[in-house]
Structures are given as structure tokens and as C-alpha cells.
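J.: Build me a structure from this.
(one chain, ligands or ions: 1)
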Amino acid sequence: MADLNETARALVAPGKGILAADESTGTIKKRFDSIGIESTEESRRAYRDMLFTTDGASDHISGVILYDETIRQSTSDGTPFPKYLEQQGVIPGIKVDVGAKPLAKAEGETVTEGLDGLRERLNEYRELGAKFAKWRAVISIGDGIPSEYCLWTNAHALARYAALCQEAEIVPIVEPEVLMDGDHTIEQSFDVTSRTLHAVFTELRDQKVWFEEMLLKPNMVLSGYDCSEQASDQQIAEMTLKCFRRHVPAAVPGIVFLSGGQSDEDATARLNTINAMGPHPWEVSFSYGRALQAPSLKTWAGESANVQAGQEAYLHRAKMNGLARSGSYSPEMEEKVAA
Ligand code: 13P
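T.: Reported below is the predicted structural model:
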């Protein structure tokens, strides 16, 4: 029997965090479009190959979240990605939701789909090497939203997913993302994140999900990106911790933040500030997509001649976030390494 608590704890081991490389075909196309690279099955494979085969990354990266296409692809010398990662001591994971779709009778709100046939898909992913999974619910802040209807519908689906994962001996990462797009204040982010977590942990408990055998992947509590008053890193850390202390049971081994559109250095600095205020009841770590990949993607630019430079850029971000796990990061380290 797989020990799910052990896997969850390994994913939040000291000094390490998770790389989210599970962009759907649509999302990775957007990322490639931004730097003028054509998105083909081979260019997507080559890009992921560059990230996963970075020497030394496993010192800072505990696990990688893959996409359905990626978990079936291989390194340039033919080793399936999940097997290669395992050999490096990196735990392979898989995104299993099929995306956020418009929620009926709820203008501007979405519900995440993917429950139909999930039991069978989880069994296949486990055979392909996945030890953990991810499901992302999306909550928007706006005029009169989110509704309680949206929060509880998404929370219910997250809990159904998480229970199926545990049944399949896969650690569920439960991701309720409150988007920070908009001009809302940090107090509004706090309120909506709090309502969201209340619904999520109520549903998880009601649906028999063991808190010891899961990880939470939330947003940090931030000022909306268009808000005229932007909170300081210190304020962000305080509000974020206050919110999570109220809602996240100590039995949950770790909170792994998403970066959600923060700049890579902001995401690192804020994680660092939060950890500098520890110890906390849970490990506080990262499961970053854009904040780990952005400089590397730009440096690579689709050219095989740039692979080494792209790997250096990725390794640097992985290292900085690894240091932020213990509050040992400082922004001066960015310049020293860049020089
Ligand atoms: P970002 O860190 O780019 O927000 O991505 C994390 C993720 O996996 C979102 O589902």
C-alpha cells in the first residue's frame, strides 16, 4: 500500500518545492506565442525536456506536475518522463481536471470539470507513474461575485476529486485559486480566500478526505493587481498567514502556493517573508508554474543552442525558491548569480 502521508511530506521536504509544468495544450500555446515559438508536440516535448533534465534541479525540486500529453512523452534519449524524474529522486504528478467551464446561471463564474471517468483515469495515471495529482478550481472576485453557489459547487467537486485520488492511492493537491485580477483590496482577497477555504475544508471533511494525505495549493492573499494601493510583502505575509491559520488544519502536511501572475522575484520574496515568520503548523512551500519557468522560457526561445542557458535560468529560480523555504533568501542573491 502506498503511504500517502509519506509522499505528501516528501513533496514539502525542507528546501524543496514543486514545479508545475502541467500547462494544457491551450495554455502552453499562449506561453509559446508570447515568445514567438510554434507549439507542436515536439516543441512542447523539447521544452519540458530542457526543464526536467536540468542538472541539480532535484536539490530544490521535490515533484513535477505533468499534463496528459507530457506524462506519455520521453526525454531526448528515450526515457519516459515519469521514469526519468523518478530516477532523479523527483516525484511525478499529473493534472487531472479538464478545465474551468461556465457555471450554469452564474454570470462570470466557473466550475471545474473532469469528474466523469476520473476513477479509471487515475488508475491509468498511476500505472504511468503518477504519485500525486492536481485539480484547480477558479474563483474570480468582482461585482457581487464570488457567489456562495460558485464556492460550494467548486468545493464539492474538489472534494470528490480528492476522495477518488486517495482511493486510487494518489496524493491529491487541492487547488482553489482565487484570482488576483481586478482592483479589489487585500482585505477583499482575505475575505474571499477565507470563504473559499471554509467551503473547501467543510466539503473535504464531509467527503472523508484525510487531511494527512493531501496538500493545499492556494493563492497568497494579495491586493488585486489593478488596485491602486499595493500591500507590502510584510502585509501580504501577515494577511496570508492569518487567513490560513484560521482555516487549514494542522494535519495538512503542507501548503504549496501557486504564483498566479506575480513576477518571479515577487513570488520568491513573499514566500521567503512568510517562512521567515515561522515556524508554522504546516510546511509552507511553492508549486509555481510561471514564477519558476518565465526566465527560462524566454532564454530558451525555442533554440536548441539555448538549452544550457535556459537550464541555468530555471536552476537559478529553483534555487532561490528553495532558499525561500527557510526564509534564507534575499533579493541581493539575484544580482550575485546574474553577474
Ligand atoms: P502559476 O504558478 O503560473 O500560477 O501556475 C501554478 C499552477 O499550477 C496553476 O494551476
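
J.: any low-confidence regions in this structure?
T.: By pLDDT under 70, the weakly predicted segments of the chain are 336-339.

J.: go with 80
T.: The model of the chain has pLDDT under 80 over residues 1, 335-339.

J.: What ranges does it have for its strands?
T.: 17-20, 61-66, 91-95, 100-102, 110-112, 132-139, 171-178, 215-216, 254-257, 283-288 (DSSP state E).

J.: Using PDB, write down the CA coordinates of the last one.
T.: Below are the C-alpha coordinates for strand 283-288, written out as PDB (Å, rounded to 0.1, in the frame of the first residue of the first chain):
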ATOM      1  CA  GLU A 283       5.300  23.300   5.700                       C
ATOM      2  CA  VAL A 284       4.900  26.400   3.500                       C
ATOM      3  CA  SER A 285       6.300  25.800   0.100                       C
ATOM      4  CA  PHE A 286       5.800  26.500  -3.600                       C
ATOM      5  CA  SER A 287       4.100  24.800  -6.600                       C
ATOM      6  CA  TYR A 288       5.000  27.500  -9.200                       C
END
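
J.: Tell me which other helices or strands that strand touches.
T.: Other elements packing on strand 283-288 under the criterion 3 or more C-beta pairs under 8 Å, 6 or more residues apart in numbering; DSSP states H and E are strand 17-20, strand 254-257, helix 264-276, helix 307-324. Heads up, the C-betas are built off the backbone N, CA and C, glycines and all.

J.: rewinding a little: wait, which of the strands of the chain is closest to the ligand?
T.: strand 17-20 (3.3 Å; C-beta to the nearest ligand atom).

J.: Check which helices and strands that closest one is in contact with.
T.: strand 61-66, strand 283-288, helix 290-300, helix 307-324.

J.: So is stretch 94-105 next to the ligand?
T.: No - judged by C-beta under 6 Å from any ligand atom, stretch 94-105 stays clear of the ligand, getting no closer than 7.6 Å.

J.: Let the chain start at 58 from now.
T.: With 58 as the first residue, the last one maps to stretch 151-162.

J.: Touching that stretch from outside, list them.
T.: Here stretch 151-162 makes contact (C-beta atoms under 8 Å, 6 or more residues apart in numbering) with 79, 81, 122-125, 128, 166-171, 175, 178-179, 182, 185, 187, 189-195, 206-207, 210, 218, 222.

J.: Before I go, just wanted to say thanks for your time.
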